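Peer 1: After the sequence you'll find the predicted model.
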Amino acid sequence: MGNFIKDNDNPLKYTTIKIAKQSHIHIKEKDPCLSNCENKPCTYYCPTRVFSWSNKEIKVDYKRCIECGACPWGCPYDNIKWSFPPGGYGVNYEI
Ligand code: SF4
Ligand code: SF4
């Protein structure tokens with residue numbers, strides 16, 4: 001991916017995403033985000049900014065996910081449950 005996305009480029013412009021009705025990404029528990037996770041790294045390591053902090057909880061905009069697979073590994077509290085979207089849904093790369 002090193003040469004795929006340049007600095008300040010928007011990765012979503014290279015994709016089409018067929019949106020499933022239900023999210024394939026879930027925050028397991030609210031408490032680790034609120035009480036333990038000071039820096040909330042999910043809000044900056046996700047390349048398409050799926051995660052945001054609002055009203056004292058992590059919001060998940062799963063419709064922006066490009067399925068890079070990073071989020072289960074990047075959460076220091078193993079608090080993100082991620083799976084591929086159901087068959088026929090999800091990202092399609094057009095390069
Ligand atoms: S990185 Fe994990 S624990 Fe921290 S705010 Fe995000 S989901 Fe919550
Ligand atoms: S799989 Fe990648 S793009 Fe999708 S939510 Fe996780 S970090 Fe973001």
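Peer 2: In hand now; what should we look at? Because the structure is a prediction, the values reported are computed rather than measured. Ligands and ions are numbered 1, 2, ... in the order given.
Peer 1: can we go C-alpha only for contacts and neighbour counts from here?
Peer 2: Fine.
Peer 1: mind checking the end-to-end distance for stretch 25-43?
Peer 2: One end of stretch 25-43 sits 14 Å from the other (CA to CA, to the nearest Å).
Peer 1: Would you mind listing the buried residues in that stretch?
Peer 2: The neighbour-count check on stretch 25-43 (16 or more other CA atoms under 10 Å) flags 25, 27, 32-33, 40, 42-43 as buried.
Peer 1: Could you provide these in a markdown table, with additional columns for distance to Phe51?
Peer 2: Output for the buried residues of stretch 25-43, formatted as a markdown table (distance: CA to CA, whole Å):
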| residue | distance to Phe51 |
| --- | --- |
| Ile25 | 10 |
| Ile27 | 10 |
| Pro32 | 15 |
| Cys33 | 12 |
| Lys40 | 9 |
| Cys42 | 6 |
| Thr43 | 5 |
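Peer 1: Tell me which of these fall in strands.
Peer 2: Counting by DSSP state E, those place 25, 27 in strands.
Peer 1: Keep the buried residues of stretch 25-43, but drop any that are not near ligand 1.
Peer 2: By CA under 6 Å from any ligand atom, the members of the buried residues of stretch 25-43 lying near ligand 1 are 27, 32-33, 40, 42.
Peer 1: Check the gap between Arg64 and Leu34 for me.
Peer 2: Using CA to CA, Arg64 is found at 23 Å from Leu34.
Peer 1: can you give me the strands for this protein?
Peer 2: Using DSSP E, strands in the chain cover 15-18, 25-27, 51-54, 57-60, 80-82, 90-93.
Peer 1: What pairs with the third one, parallel or antiparallel?
Peer 2: Each strand pairing with strand 51-54, determined using DSSP bridges, is listed with its direction: strand 57-60 (antiparallel).
Peer 1: distance between the partner strand and the chain's centre?
Peer 2: Using CA atoms, centre = their mean, to the nearest Å, the distance from the centre of strand 57-60 to the centre of the chain it belongs to is 11 Å.
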